[in-house]
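**Student:** what's the 3D shape of this:
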Amino acid sequence: MFIVLEIQTEADGTVKLLPPLVKTARDGAESAFHSILAFAAVSSVAMHAAVLMTNEGTVLEKKAYTHEQEAAE
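**Tutor:** Residues are numbered from 1 along each chain as shown. The predicted model follows:
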């Protein structure tokens, strides 16, 4: 089993952990992982991350994007 996590951190430090995706096959898990990253790359969320792991807790891949926030005027 494979688990894909999506983590979003707002500029104020608020962290959201979206519901995990559970996949039986690695190729399906990798597809979900990369789909999250495709969105995260252009997201307006301050930090947007994805983690691909086994159900035993072994992290196979992880990636995070940090986006600069425009200063409020």
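**Student:** for the protein, which segments count as helices?
**Tutor:** 26-40 (DSSP state H).
**Student:** tell me which residue is most central in it.
**Tutor:** Geometric centre of the chain, nearest residue: A50, 2.2 Å, by Cα atoms, centre = their mean.
**Student:** please name the bridge partners of K23.
**Tutor:** F2 (DSSP bridges).
**Student:** for it, give me its contacts.
**Tutor:** 1-4, 29, 32 (Cβ atoms under 8 Å, 6 or more residues apart in numbering). Glycine gets a C-beta too; all of them are placed from N, C-alpha and C.
**Student:** how about the residue nearest to the centre of the chain: what's its closest non-neighbour residue?
**Tutor:** I36 (4.1 Å; Cβ to Cβ, 6 or more residues apart in numbering).
**Student:** same thing with K16?
**Tutor:** Q8 (4.5 Å).
**Student:** so that neighbour bridges to which residues?
**Tutor:** Per DSSP bridges, the residues bridged to Q8 are K16, H48.
**Student:** flag the shaky bits of this structure, pLDDT-wise.
**Tutor:** Within the chain, the segments meeting pLDDT under 70 span 69-73.
**Student:** hmm, 90 instead?
**Tutor:** Residue ranges of the chain with pLDDT under 90: 68-73.
**Student:** that older thread, hmm, S44 and the residue nearest to K16 touching each other?
**Tutor:** No - in this structure Q8 lies outside contact range of S44 using Cβ atoms under 8 Å: 10.2 Å.
**Student:** higher neighbour count, these two?
**Tutor:** Q8 (16 against 10; other Cβ atoms under 10 Å).
**Student:** which residues touch that one?
**Tutor:** 15-16, 18, 43, 45, 47-49.
**Student:** just to check, the residue nearest to the centre of the chain is in contact with L18?
**Tutor:** No - contact criterion Cβ under 8 Å: A50 and L18 do not qualify, at 9.8 Å.
**Student:** joint contacts of those two?
**Tutor:** With Cβ under 8 Å, 6+ apart, A50 and L18 have common neighbours 5-7.
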